[in-house]
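Q: coordinates for the following, if possible.
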Amino acid sequence: MAPASARIMKHAVSALVIAAAVAMVAALAAITAQAGTRTSAQQVTEALACQCGCGLTVANCIHPNCSFGIPVRGEIDQMIRGRMSARAIVASFRVKYGEKVLAAPTAEGFNLLAWTMPFIALLAGGAMIFFFVGRRRTGAPAQPAGDDAPRAVSRGDAELRKRLERDVKEQA
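A: Residues are numbered from 1 along each chain as shown. Presented below is the predicted three-dimensional model:
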């Protein structure tokens with residue numbers, strides 16, 4: 001690989017690593033920003049997945065007579081009036097219904113892999129693309145096998161050059 005292209009690839013991989021790190025920090029900042037000091041019903045209902053089968057959060061459930069969302073909203077209102085924090089409310093529903101009630105996986109244990117894997121895959125894919133594209137551009141030319149290979153290539157080049165010179169003279 002040529003020194004210039006190796007340097008370019010090194011900078012590109014460095015840029016991908018930095019971009020992935022910034023994206024992970026931004027994702028973690030967004031997760032921690034959700035845990036505000038003031039508890040609101042909207043904040044809690046967006047953190048819980050509705051269990052009626054709609055696939056939405058409790059805040060966005062589209063069923064007017066939802067068998068899960070309506071009673072849960074009432075429980076959340078009572079818990080907020082009882083001065084419970086949003087984290088405590090979500091934790092109580094997690095204990096009651098399991099991790100399936102959470103709208104997003106927690107950033108701990110195996111779920112941490114679910115949060116970071118897309119960034120890791122993008123980084124690895126980008127590095128592979130730069131490696132293979134750079135290698136293809138700067139790869140050594142293929143040499144035919146055998147002892148006569150270098151002479152055969154140069155002999156072929158010389159014959160081609162003579163034929164081109166003859167054709168140019170005939171055209172003129």
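Q: beyond the strand or helix carrying Val22, next helix or strand please.
A: Assessed by DSSP states H and E, Val22 sits inside helix 3-34. The first helix or strand that comes after helix 3-34 along the chain, using DSSP H and E, is helix 41-47.
Q: tell me the helix or strand right after that next one.
A: Helix 41-47 is succeeded, C-terminally, by helix 69-81 (DSSP H and E).
Q: what's around Met24, how many residues?
A: For Met24, the neighbour count with other CB atoms under 10 Å is 15. To be clear about C-beta, it is placed using only N, CA and C from the backbone, and glycine gets the same treatment.
Q: ugh, wrong one, I meant Ala41
A: As a burial measure, Ala41 scores 16 neighbours (other CB under 10 Å).
Q: local confidence estimate at it?
A: Listed pLDDT for Ala41 reads 86.
Q: do Ala30 as well
A: pLDDT at Ala30 comes out at 70.
Q: and it, how many residues sit next to it?
A: 9.
Q: leaving out the residues flanking it, which one is nearest to Thr106?
A: Spatial nearest neighbour of Thr106, chain neighbours left out: Glu99 (7.4 Å); criterion: CB to CB, 6 or more residues apart in numbering.
Q: what's in contact with stretch 96-106?
A: Stretch 96-106 has contacts (CB atoms under 8 Å, 6 or more residues apart in numbering) with Glu46, Ala47, Leu48, Ala49, Gln51, Thr57, Val90, Phe93, Arg94, Asn111, Ala114, Trp115.
Q: list the buried ones in it?
A: For stretch 96-106, burial by neighbour count (16 or more other CB atoms under 10 Å) applies to Val101, Leu102, Ala103.
Q: quick one: which of those residues is nearest Gln78?
A: Comparing the buried residues of stretch 96-106 against Gln78 with CB to CB picks out Val101 as the nearest, at 17.3 Å.
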